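**Student:** What follows is a predicted structure for the sequence shown.
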Amino acid sequence: MSRPVRYNLSGENNLKLVKEGPEGLGGEGYFATKLDQVVGLARKNSIWPLPFATSCCGIEFMATMGSHYDLARFGSERVGFSPRQCDLLMVMGTIAKKMGPVVKQVYLQMAEPRWVLAMGACACSGGIFDSYSVLQGIDQIIPVDVYIPGCPPRPEAVIDGIIKIQDLIGNESLRRRNSDRYQDLMESYGIQ
Amino acid sequence: MLNNETIKQRLVEKFGDQLTNFAEPYGMLTFEAPKDMNLKVMQFLYDDPELKFRFLTDLQAVHYPHEKERELAVVYHLHNLEDNVRIRFKVFTGITKPDVYTATKIFEAANWMERETYDFYGVNFVGHPNLKRILNVDEMDYFPMRKEYPLEEQTRVDKDDEMFGR
């Protein structure tokens, strides 16, 4: 029996296995479109994730990277362990308050444009650890783009989260990171 | 072979009626010492050629909020490795001035254990070389394992009482 989740595609009729490219003007040997969209297309299909795995969600992420679920299909073949090279910080697992400054440091070391994905109940909200020692959601210290619910989430949910991140990246305006709104967001987290 | 009866006898010969509340829960000899005698008792257990309790297995505190003037108990677990015998002894202190002499001069291993006990219960180990927090964040200004707090994290703002039926 199929599970009633949104990444179960059995009910969809017009499922496209190959996504269409951006809108534009094309003809024999040329294609013209907006720079935003080309850059977005390139970025979203070559994400370098930085896994910040502290507990069981990290194990689910390993399954996601493995041959069965294979995150490499979505352009994230290369998992980087240097924040300076990576675009996507994946925080997976419980973040204790003592770990908070470390997460923030890793985030600060990443170059713009950067995205953050919080995987699992603990990273999103502290989860079951309603306690003096656990950070109640990483969004208290860094801005988060996509939250994946679950305890821990299945690999399908992780892939769903990555697709959500890809949608964000693909549709992001090139000016977004220079906007006042973005500056205000960074300042609200005490990041210059 | 060293047994609980012999250990108790040796202790009573040495310290008389200053040691109290002898018991043997699950076969492990347990007793209580006055808090300013913890080092004397430990040193005696260490030095005595028969007893030879030369390994500090563990050290922690317990909070008894309803026992006035003896709210905090510091518990020492000692092990005689040669005869494989374990004992446990406790000292009690008031919570307003929780000063207990440090065991680091006898057991180096007590260093981190006492820091942990300080971290969670606020026991002030007099003479400890580096008494600061070890597991919790340095900014923490309370002792989280004391039975003084509601079970839920009080600093969080995202849990609305209405949504959780409280």
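**Tutor:** Okay, I see it. Note that the coordinates shown come from a computational prediction; the quantities given were computed from them, not determined experimentally.
**Student:** Neighbours of B:Ala87, how many?
**Tutor:** I think there's a mix-up here, since residue B:87 is Ile and not Ala. A count of nearby residues for B:Ile87, using other C-beta atoms under 10 Å in any protein chain shown, gives 22. Where you see a C-beta, it was placed from the backbone N, CA and C, and this is true even at glycine.
**Student:** For it, list the residues it contacts.
**Tutor:** Contact partners of B:Ile87, counting by C-beta atoms under 8 Å, 6 or more residues apart in numbering or on different chains, are B:Asn4, B:Ile7, B:Met28, B:Leu29, B:Thr30, B:Phe31, B:Leu45, B:Phe53, B:His77, B:Leu78.
**Student:** Closest to A:Gly150 out of those?
**Tutor:** Distance to A:Gly150, by C-beta to C-beta, is smallest for B:His77 among these, at 40.7 Å.
**Student:** follow-up on the earlier one: give the PyMOL command for selecting the buried subset of the contacts of B:Ile87.
**Tutor:** Buried residues within those, by 16 or more other C-beta atoms under 10 Å in any protein chain shown, are selected in PyMOL with:
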select buried, chain B and resi 7+29+30+31+45+53+77+78
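**Student:** A:Gln183: which of the contacts of B:Ile87 is nearest?
**Tutor:** Proximity of the contacts of B:Ile87 to A:Gln183 (C-beta to C-beta) peaks at B:His77, which lies at 56.1 Å.
**Student:** Is that closest one in contact with B:Leu45, as I believe?
**Tutor:** No. B:His77 is beyond contact range of B:Leu45, at 11.7 Å (criterion: C-beta atoms under 8 Å).
**Student:** just checking, what packs against the helix or strand hosting B:Met113?
**Tutor:** Following DSSP states H and E, one finds B:Met113 within helix B:110-121. Where contact means 3 or more C-beta pairs under 8 Å, 6 or more residues apart in numbering or on different chains; DSSP states H and E, helix B:110-121 is packed against strand B:55-63, strand B:124-126.
**Student:** Buried residues, the shortest one. List them.
**Tutor:** Residues of strand B:124-126 classed as buried by neighbour count (16+ other C-beta under 10 Å): B:Phe125.
**Student:** CA atoms only: put the helix holding B:Met113 into PDB for me.
**Tutor:** Extracted C-alpha coordinates of helix B:110-121, given in PDB (Å, rounded to 0.1, in the frame of the first residue of the first chain):
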ATOM      1  CA  ALA B 110      38.900  13.000  40.400                       C
ATOM      2  CA  ASN B 111      39.800  16.100  38.500                       C
ATOM      3  CA  TRP B 112      37.300  15.800  35.600                       C
ATOM      4  CA  MET B 113      34.700  14.000  37.800                       C
ATOM      5  CA  GLU B 114      34.700  16.800  40.200                       C
ATOM      6  CA  ARG B 115      34.400  19.300  37.400                       C
ATOM      7  CA  GLU B 116      31.400  17.400  36.100                       C
ATOM      8  CA  THR B 117      29.900  17.300  39.600                       C
ATOM      9  CA  TYR B 118      30.400  21.000  40.000                       C
ATOM     10  CA  ASP B 119      29.000  21.600  36.500                       C
ATOM     11  CA  PHE B 120      25.700  19.800  37.200                       C
ATOM     12  CA  TYR B 121      25.200  20.200  41.000                       C
END
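**Student:** Let me see the residues that make contact with that helix.
**Tutor:** By C-beta under 8 Å, 6+ apart, the residues outside helix B:110-121 that reach it are B:56, B:58-61, B:63, B:72, B:74, B:98, B:102-104, B:123-125, B:128-136, B:143-146.
**Student:** Please, where are all the helices along chain A?
**Tutor:** A:35-44, A:56-65, A:100-109, A:120-125, A:155-170, A:180-188 (DSSP state H).
**Student:** So which of the ones you listed is the most surrounded?
**Tutor:** helix A:120-125 (a mean of 25; mean count of other C-beta atoms under 10 Å in any protein chain shown).
**Student:** Is there proximity between that one and chain B?
**Tutor:** Yes. Shown here: helix A:120-125 in contact with chain B (C-beta under 8 Å from any C-beta of the partner chain) through A:Ser125.
**Student:** So which other helices or strands are in contact with that helix?
**Tutor:** By 3+ C-beta pairs under 8 Å, 6+ apart, helix A:120-125 packs against helix A:56-65, strand A:88-92, strand A:146-148.
**Student:** and chain A, which residues reach chain B?
**Tutor:** Residues of chain A lying near chain B (C-beta under 8 Å from any C-beta): A:Lys97, A:Lys98, A:Ser125, A:Gly126, A:Asp130, A:Ser131, A:Tyr132, A:Ser133, A:Val134, A:Gln136, A:Gly137.
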